[in-house]
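Asks: Turn this into a model:
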Amino acid sequence: MSGVRVLVGTRKGAFVLSSDAGRKSWKVDGPHFAGWEIYHVKGSPADPDRLYASQTSGWFGQVLQRSNDGGKTWEAAGNDFRYDGPTGTHQWYDGSPHPWEFKRVWHLEPSLNDPDKIYAGAEDAALFESGDGGQTWAELPGLRTHATASGWAPGAGGLCLHTIVLDPTNADRMYIAISAAGVFRSDDAGKTWRPANKGLRSNTMPDEDAEVGHCVHRIAMHPSRPDVLFMQKHWDVMRTDDGAESWREISGNLPTDFGFVVDVNANEPDTVYVIPITSDSHHFVPDGKLRVYRSKAGGDDWEALTKGLPQKDCYVNVLRDAMDVDALDPCGIYFGTSGGQVYGSADGGDTWNAIVRDLPGVLSVEVQTLE
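Replies: The predicted structure follows:
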């Protein structure tokens, strides 16, 4: 029987939410790793039973966890994350040199066809790769040692590599996003990289059109159109139709163009979802109303989706990895909030229900569609 598994990382553990294809009744399992920050949990597209989790503690550091049975049991995998080559420096908030240091894994991206291959995006911004299910890791140093790296600066959350997007039609092509450096593209499986930020503007920078330094929050792709990507930036919602050679703004009639998440409907490549946030200094939804905005035309023209969502006295945030979609028809959309609510829609966003309301603050939401 087909169904859905929603993997939720929170500030105090991980949770696994499961339902059948009807997506009306949910089982909540957890917390796994109770009391630990779980920055990201994600399943392998090649094996639904293989899950990976990024477990972080200020006392004990970074631990990578792996499950081979869909989250029933877990084991600590290899955690030999270390920067290769010269340590070097990058720029701190005030423009002064700052040494590279490893803090945590923000994002895990399993291979599309090999359950033992997985990428990890770290803070300070670096990309790691494992070919043995996370037992051993090696940095792909071409990114961190890029010629522009000294000009990267941390966003408010740190200098984090938070997004990894793999091209399903070209195994050598991938995109990553760093806050605050921007988008980079590789066409040789991560050996070399080039900035992919043409068209981005950031008025907080001395050069608004700089090659790097832009605070990109999230990028998303529909697998049927790998040259089309959508971006939620620190300010602006953007789109590219040429594999990130150039970007154009599609913020349109959104109430604010600040936010963290962006995702694409699994069955409709031109249907895009964002959740506007008031501003970079007010990390909560505008007017106390939790609204998901949907564009069915690939941007510019947006509609507010509110049915089932609180429209009064709601002041939650939705972080960059806290929204995902399933592959059923109609498409299911899921997101988690800083208040510990996880909402789901089984009809493409027309109506919403709270799957669970009182988890710790949600850091990530990832969805597996099960056959």
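
Asks: and Asp47, how many neighbours does it have?
Replies: Applying other CB atoms under 10 Å, we find 14 other residues in the vicinity of Asp47. From N, CA and C alone the C-beta is placed, and that goes for glycine too.

Asks: Quick check: the gap between it and Thr271.
Replies: 28 Å (CB to CB, to the nearest Å).

Asks: and what of Asp350?
Replies: Asp350 sits 12 Å away from Thr271, going by CB to CB.

Asks: which of these two has more neighbours?
Replies: For Asp350 and Thr271, the more surrounded residue by other CB under 10 Å is Thr271, and the numbers stand at 21 against 13.

Asks: show me what contacts that one?
Replies: Residues near Thr271 by CB atoms under 8 Å, 6 or more residues apart in numbering: Val264, Asn265, Arg294, Ser295, Lys296, Gly348.

Asks: let's go with 10 Å and repeat that
Replies: 222, 263-265, 294-298, 325, 331, 333, 348-349 (CB atoms under 10 Å, 6 or more residues apart in numbering).

Asks: if I've got this straight, Ser150 is in a helix?
Replies: Yes - counting by DSSP: H, G, I helix; E, B strand; the rest coil, Ser150 is found in a helix.

Asks: correct me, but it touches Trp92?
Replies: No - in this structure, Ser150 is not within contact of Trp92 by CB atoms under 10 Å, at 11.2 Å.

Asks: that older thread, just the ones of the contacts of Thr271 in helices?
Replies: Among the contacts of Thr271, no member is found in helices (DSSP state H).

Asks: now these: which count as buried?
Replies: Among the contacts of Thr271, those that count as buried by neighbour count (16 or more other CB atoms under 10 Å) are His222, Asp263, Val264, Asn265, Arg294, Ser295, Gly298, Val325, Cys331, Ile333, Gly348, Gly349.

Asks: what's the farthest-apart pair in the residues you listed?
Replies: Gly298 and Ile333 (16.6 Å; CB to CB).

Asks: who touches both of Asp350 and Thr271?
Replies: With CB under 10 Å, 6+ apart as the test, Asp350 and Thr271 both reach Arg294, Ile333.

Asks: returning to what we had before: output the buried ones among the contacts of Thr271 in JSON lines; the columns should cover distance to Ala53.
Replies: Converted to JSON lines, the buried ones among the contacts of Thr271 look like this (distance: CB to CB, whole Å):
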{"residue": "His222", "distance to Ala53": "26"}
{"residue": "Asp263", "distance to Ala53": "21"}
{"residue": "Val264", "distance to Ala53": "25"}
{"residue": "Asn265", "distance to Ala53": "27"}
{"residue": "Arg294", "distance to Ala53": "30"}
{"residue": "Ser295", "distance to Ala53": "32"}
{"residue": "Gly298", "distance to Ala53": "33"}
{"residue": "Val325", "distance to Ala53": "20"}
{"residue": "Cys331", "distance to Ala53": "25"}
{"residue": "Ile333", "distance to Ala53": "23"}
{"residue": "Gly348", "distance to Ala53": "29"}
{"residue": "Gly349", "distance to Ala53": "28"}
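
Asks: Which members of those are positioned in strands?
Replies: If you go by DSSP state E, these have Asp263, Val264, Arg294, Ser295, Val325, Ile333 in strands.

Asks: now stretch 271-283: mean pLDDT?
Replies: For stretch 271-283, mean pLDDT rounds to 97.

Asks: Kindly check the end-to-end length of that stretch for me.
Replies: 25 Å (CA to CA, to the nearest Å).

Asks: In this structure, which residue is most central in space?
Replies: Asp321 (3.4 Å; CA atoms, centre = their mean).

Asks: ok, and the closest non-adjacent residue to it?
Replies: Leaving aside its chain neighbours, Asp321 sits nearest to Ser364 (3.9 Å; criterion: CB to CB, 6 or more residues apart in numbering).

Asks: Off-centre distance for the one helix or strand that neighbour maps to?
Replies: Taking DSSP states H and E as the criterion, Ser364 maps to strand 362-370. Taking CA atoms, centre = their mean, to the nearest Å, one finds the center of strand 362-370 at 10 Å from the center of the full chain.

Asks: all strands for the stretch 51-200 of the chain, in order.
Replies: Counting by DSSP state E, counting those that start in this stretch, the stretch 51-200 of the chain has strands at residues 61-67, 75-76, 89-91, 97-99, 104-110, 118-123, 126-130, 138-139, 160-166, 174-179, 182-186, 194-195.

Asks: Just give the number of residues close to Arg357.
Replies: Neighbours of Arg357 (other CB under 10 Å): 11.

Asks: Could you do Ala120 as well?
Replies: Using other CB under 10 Å, Ala120 has 26 other residues around it.

Asks: hey, what's it bridged with?
Replies: In this entry, Ala120 is beta-bridged to Leu108, Phe128, by DSSP bridges.

Asks: List the contacts of it.
Replies: 40, 52, 54, 62, 64, 81, 104-109, 126-130, 134, 137, 139, 161, 164.

Asks: which residues does Ile176 contact?
Replies: Per CB under 10 Å, 6+ apart, neighbours of Ile176: 107, 109, 119, 121, 125, 127, 140, 143, 161-165, 182-186, 190, 193, 196, 216, 219.

Asks: try Pro195
Replies: Contact partners of Pro195, counting by CB under 10 Å, 6+ apart, are 146-148, 181-185, 210-214, 244.

Asks: Likewise for Asn197?
Replies: By CB under 10 Å, 6+ apart, the contact set of Asn197 is 177, 181-185, 209-214, 216, 231, 233, 238, 244, 246-247.

Asks: backbone phi and psi for it, please?
Replies: phi -120, psi 10 (degrees, to the nearest 10).

Asks: Spit out the contact partners of the residue nearest to it when sequence neighbours are not counted.
Replies: Distance criterion CB to CB, 6+ apart; nearest residue to Asn197, sequence neighbours excluded, is Gly182 at 4.1 Å. Applying CB under 10 Å, 6+ apart to Gly182 gives the contacts 148, 152, 176, 195-197, 200, 202, 210-216, 231, 233, 244.
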